[in-house]
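> The following comprises the amino acid sequence and a computationally predicted model.
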Amino acid sequence: MSRAGWEVVIGLEIHAQLATKSKIFSGSSTAYGAEPNTQANLVDLGYPGVLPVLNKEVVRMATMFALAVNAKVAPRSVFARKNYFYPDLPKGYQISQLELPIVALGEIFIPDADGNKKRIGITRAHLEEDAGKSIHEGLAEFSGIDLNRAGTPLLEIVSEPDLRSAKEAVLYMKKIHTLVRYLGISDGNMQEGSFRCDANVSVRPVGQEELGTRTELKNLNSFRFIEKAINIEVERQIELIEDGGKVVQETRLYDADNDETRPMRSKEEANDYRYFPDPDLLPVEITDEFVLAIKKTMPELPDEKEARFVDAYGLKADDAGILTASRPLADYFEAVAVASESTAQLAANWVIGDLAGALNRDGLDIADSRISAADLAGLVNRIHDDTISGKIAKQVFEAMWAGEGSADAIIKARGLTQITDSSAIESVVDKVIADNPGQVAEYRSGKDKLMGYFVGKVMQETKGQANPGQVNQILKDKLKG
Amino acid sequence: MTELHAQTLTELAAGLEHAEFTSVELTAALLDRIARRNDELNAFITVTADEALAAAARADAARKSGKAGVLNGLPIIHKDIFCTRGIKTTCGSKMLDNFISPYDATVVEKLASAGAVVLGKANMDEFAMGSSNETSYFGPVRNPWNPDCSPGGSSGGSSASVAARFAPAATGTDTGGSIRQPAALTGTVGIKPTYGRVSRYGMIAFASSLDQAGVITRSSEDAALLLGVMAGFDERDSTSIDQPVPDYLASIGDSIKGLRVGIVREHFDAGLEEETGKRVKEAIRVLEALGASTVEVSLPNLNLSVPTYYVVAPAECSSNLSRFDGVRFGYRAEHAEDLLDLYCRSRGEGFGDEVKRRIMTGTYVLSAGYYDAYYLKAQRVRQLIANDFRKAFADVDVIAGPTAPSPAFKLGDKVNDPIQMYLNDIYTIGANLAGLPAMSVPCGFVDDLPVGLHLVGPHFAEEVLLRCAHQYQGETDWHKACPEAYR
């Protein structure tokens, strides 16, 4: 959504929860969904005398991210304290990184409106601990605090203000989402808050160099909300300016129920955080050897995989994009393609079409597919060698999905082998022509559309097992009369 | 036999070893002395008599079965800044008057597993902020040498206890001089090791980049014995250093012939009380007689150490003390109207004046617009001071001078003049800013009050300091002097 004469400028701050087993500065578990305050030890509770100890896994994960976005890994990065009082922040400060973040100056590419590659700069990514959460529901006179989440590791990924529409923002966010899951450094679970973002939004008249005053939209945790919230905010800013008003730099919240953004109470944002280097933690020092070792463990990244699927398998670019959106899906497709004797495109069609449909229908992830890649390849092979038609294959697929066995077993048990014997088809065609003299006469007088009628009749007689190509050809020949 | 309370840690260790007495007998004797005499000094916040007797009995049993640790059955006192499981840990504050720690500090754990018996928790300045023990919520500690005087601070309960022979040794912590100045003012030995030498885990933080645990004893030998147990890497403290701990006792008897002792000209300027200066110079002459040579060194930025310290330490403390918010532990104001009221009143009522003064100073120097002018500049000056020491230690092995500018001052004299109080740490703060090991050794008296010789070494030179002090103590008896009322 945009209005003529106005340019939209957006930068995102994405918070990706890192998939470590324990917290960033303590040994407590990071598992989601436990009883409140059962996963908070003395360090998480900020007890007197306790000290933070860095979980080295987060350094490895941040380094992987840096390599994946072509960024610099800081040889020396520093943890700093962000000081403020809040009940879900037990120490009275959050350990984060300010002046020396672990990752700087990266980039990622998204398709722009014309389908060209557009570069989005990544200013920085830094490590920090998450806060706990306040619970208001079900507690009449007071608020509860659950510190299970306190100390969960986050990688905050800050983009340049390079995004020019809500749509681009979503594309960028999805790209990062795919990337962190490929790298295995975040589960990207948005319902559980493992992947969320703040959006900095401003507008300016087209052609103006200077950026407009921005507002920050906090805590957007679904792709749909990001798009809606940004569009609503853009509209609000443009209307405000066109009516002679001024945008105020402030933090706003998106209210999905009323589909509007509104300012957070100023009390919650008017803070001087008094950042300073945390004296309890040493600077994180990363050597070239360490980076090199991590490089060797890097998986193939989504963009590389997509390009390879087009090159090596001859897939359509769109299909390659869909199949590489998640690593398990790409791996599944590749297993089908390798095991099938047909073209990879046919395998891709089945994965994207019927398989994706069935998964979606049953609410399953690819990992929980009821048909293994090897079995799907078996089905594709029977189509390829003309044992069954594509139409019959759909029937076989459903039987496989229902757990009736392999494609071969189902074809055999149900007697679904395709009829490709021309003489057998000819005799059925002869019968159909003999049984329908009226339609034959109409066809011969020029009513071509009746071809479908005859094909249907033949298929009916053969229970759908006649090879459709042959049926067409033989019918055409015989109807010429 | 010398009375038990009059013996040093090393002497008591030998007595236990030779079964001249049991740990239970020793512990009972000291607990009895504390029960009778502590009221005069107010050195304890908590006396842990039952736990101590039980630990002593365990130590005696361990010795019988041949499993005695190096400190088996030896009584000590912990400064109340160290978390002790199941025992009140107050840090000298109303804020933690109700705080029972659920865990042991690493220092507490290490000394306990070596067999030490803890008699109680020593009084201290609130959150270790003070140089006279007058900021304690539990009242000031009195100096055994003169009850009208301060025993120094912040480890005033520790120093007074050792001077009054309540225990042969006590732990302490030193952020700007809090072990060494009280040691000097009570005629005891105090050592603050290199930053990172002893774990800070479980030691309630004042200023994390300066805080370091150490001991107060009656001899250098005793300090070496205890420090050897306390020191070492701890994976729970990222700033502790992974370097082996030498056997400090192994070389303590070696000569200091050829040792190069640095004398800092600036140390003997106008700020130093004249007689105190004389005692210190006499001590240096003793070192020369022992074969040491003296070299004049310069620490040109040392005059900036007090202002630097009073930016860095409050900055860190303002953040470290944020966790005391009345929510999860410690003092909570009653009938709070809302969250802000809970915070403001819990902290307003729970903290004393000096703590509040430093939290406000620290908050100010870290504020937007002031950070560069204060905190950042102080960090740069801190670096300059560290460089001065580094240069000096290219030419000398230790630096010797006064620990404090004067002997013990009267209680009440400086408590209303923070600047005068802060200047009491002028000679000790540099070692904290540079992370260096430093020690105070009794070196004489001025008007019947003890004076301390200050020794500072390069990083990890604890062994040199302890040896130098031990050799000095072989030639002098100042460390053996006991206040008459506590003989």
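Happy to help now that I have it.

> now the end-to-end length of stretch A:236-256.
Stretch A:236-256 has an end-to-end distance of 15 Å (C-alpha to C-alpha, to the nearest Å).

> Name the nearest residue to the residue in the stretch 351-481 of chain A that chain B sits nearest to, ignoring sequence neighbours.
Sorted by distance to chain B under C-beta to the nearest C-beta, the residues of the stretch 351-481 of chain A start with A:A367, at 36.9 Å. No exception for glycine: its C-beta is placed from N, CA and C like everyone else's. Nearest non-adjacent residue to A:A367, counting by C-beta to C-beta, 6 or more residues apart in numbering or on different chains: A:P328, 5.4 Å away.

> Pretty sure the one you found sits against A:D368.
No: A:P328 lies out of contact with A:D368 (C-beta atoms under 8 Å); the separation is 10.0 Å.

> Just confirm A:E128 is within a strand.
Yes: applying DSSP: H, G, I helix; E, B strand; the rest coil, one finds A:E128 inside a strand.

> number of nearby residues for it?
A:E128 has 22 neighbours, counted by other C-beta atoms under 10 Å in any protein chain shown.

> hang on, the earlier thing: look at the residue of the stretch 351-481 of chain A closest to chain B and report its pLDDT.
At A:A367, the pLDDT value in this model is 85.

> Lowest mean pLDDT among the helices and strands of chain A, which one is it?
When each helix and strand of chain A is scored by mean pLDDT, DSSP states H and E, helix A:407-414 comes last, with a mean of 77.

> my guess is the residue of the stretch 351-481 of chain A closest to chain B contacts A:R327, does it?
No: judged on C-beta under 8 Å, A:A367 makes no contact with A:R327 at a distance of 10.5 Å.

> neighbour count winner among the two?
Between A:A367 and A:R327, A:R327 has the larger neighbour count (other C-beta under 10 Å), namely 19 against 11.

> for the more buried one, phi and psi?
Main-chain torsions, A:R327, degrees, to the nearest 10: phi -60, psi -40.

> Need the nearest residue in space to it, chain neighbours excluded.
A:Y182 (5.0 Å).

> hang on, the one you found packs against A:P328?
No: if you go by C-beta under 8 Å, A:Y182 and A:P328 don't touch, sitting 10.1 Å apart.

> what about A:S369, how many neighbours?
Neighbours of A:S369 using other C-beta under 10 Å come to 21.

> again, but for A:T343
15.

> got the contact list for the residue of the stretch 1-150 of chain B found nearest chain A?
Closest residue of the stretch 1-150 of chain B to chain A, C-beta to the nearest C-beta: B:C83 (4.6 Å). Counting by C-beta atoms under 8 Å, 6 or more residues apart in numbering or on different chains, B:C83 makes contact with A:P48, A:G49, B:T89, B:S101, B:Y103, B:D104, B:A105, B:V108, B:G202, B:M203, B:I204.

> For the stretch 251-400 of chain B, give the residue positioned nearest to chain A.
In the stretch 251-400 of chain B, the residue that lies nearest chain A is B:S322 (2.4 Å; C-beta to the nearest C-beta).

> That residue - that's part of a helix, no?
Yes: applying three-state DSSP, one finds B:S322 inside a helix.

> in terms of contact, does it touch A:Q94 like I think?
No: B:S322 is beyond contact range of A:Q94, at 10.8 Å (criterion: C-beta under 8 Å).

> Do me a favour and average the pLDDT over the longest helix along chain B.
In chain B, with assignment by DSSP state H, the single longest helix is helix B:23-41. On average, the pLDDT along helix B:23-41 is 97.

> And that helix, what does it pack against?
helix B:9-17, strand B:44-47, helix B:49-64, strand B:75-79, strand B:117-122 (3 or more C-beta pairs under 8 Å, 6 or more residues apart in numbering or on different chains; DSSP states H and E).

> residues contacting the one residue sitting closest to the centre of chain B?
The centroid of chain B falls nearest to B:I179 when counting by C-alpha atoms, centre = their mean (2.2 Å). Taking C-beta under 8 Å, 6+ apart, we find B:I179 in contact with B:S155, B:S158, B:G172, B:T173, B:G190, B:I191, B:K192, B:G214, B:V215, B:I216, B:S440.

> The second one: what secondary structure?
Think B:S158. What three-state DSSP gives for B:S158 is helix.

> now do the fifth one
Following three-state DSSP, we place B:G190 in the strand state.

> Now for B:H335, how many residues are close by?
For B:H335, the neighbour count with other C-beta under 10 Å is 7.

> Likewise for the one 10 residues further on?
Summarising burial for B:R345: neighbours were counted as other C-beta under 10 Å, giving 18.

> tell me the SS of the closest residue to it other than its chain neighbours?
Spatial nearest neighbour of B:R345, chain neighbours left out: B:A333 (3.6 Å); criterion: C-beta to C-beta, 6+ apart. Of the three states, B:A333 takes coil under three-state DSSP.

> And the pLDDT at B:A333?
95.

> Look up phi and psi at residue 366.
Chain wasn't specified; assuming chain A. According to degrees, to the nearest 10, A:I366 has phi -60, psi -30.

> my question was about chain B
phi -100, psi 0.

> Quick check: closest non-adjacent residue to it.
Nearest non-adjacent residue to B:L366, counting by C-beta to C-beta, 6+ apart: A:R274, 3.8 Å away.

> Quick check: residues of chain A near chain B?
For chain A, the residues in contact with chain B (C-beta under 8 Å from any C-beta of the partner chain) are A:42, A:45-54, A:81, A:83, A:85, A:87, A:90-93, A:145, A:272, A:274-276, A:279-282.

> Now intersect the residues you listed with the helices, please.
Among those, no member is found in helices (DSSP H).

> quick revisit: ok, the residue nearest to A:R327 - contacts?
Contacts for A:Y182 (C-beta under 8 Å, 6+ apart) come out as A:A68, A:P299, A:L301, A:P302, A:S326, A:R327.

> Is it located within a strand, as I assumed?
No: the assignment for A:Y182, made by three-state DSSP, is helix rather than a strand.

> then stretch B:98-115 to PDB, C-alphas only?
Taking Å, rounded to 0.1, in the frame of the first residue of the first chain, the C-alpha atoms of stretch B:98-115 are listed here in PDB:
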ATOM      1  CA  ASN B  98      16.300 -10.600  56.600                       C
ATOM      2  CA  PHE B  99      18.400 -12.200  53.900                       C
ATOM      3  CA  ILE B 100      19.300 -15.900  54.400                       C
ATOM      4  CA  SER B 101      21.500 -16.900  51.600                       C
ATOM      5  CA  PRO B 102      20.500 -20.000  49.700                       C
ATOM      6  CA  TYR B 103      24.100 -20.700  48.700                       C
ATOM      7  CA  ASP B 104      27.800 -20.400  49.700                       C
ATOM      8  CA  ALA B 105      30.200 -18.100  48.100                       C
ATOM      9  CA  THR B 106      33.200 -19.800  46.500                       C
ATOM     10  CA  VAL B 107      35.500 -18.400  49.100                       C
ATOM     11  CA  VAL B 108      33.300 -19.800  51.900                       C
ATOM     12  CA  GLU B 109      33.100 -23.200  50.100                       C
ATOM     13  CA  LYS B 110      36.900 -23.400  49.600                       C
ATOM     14  CA  LEU B 111      37.700 -22.500  53.200                       C
ATOM     15  CA  ALA B 112      35.000 -24.900  54.500                       C
ATOM     16  CA  SER B 113      36.300 -27.800  52.400                       C
ATOM     17  CA  ALA B 114      39.800 -27.200  53.800                       C
ATOM     18  CA  GLY B 115      38.300 -27.700  57.200                       C
END
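
> Good, we can wrap up now.
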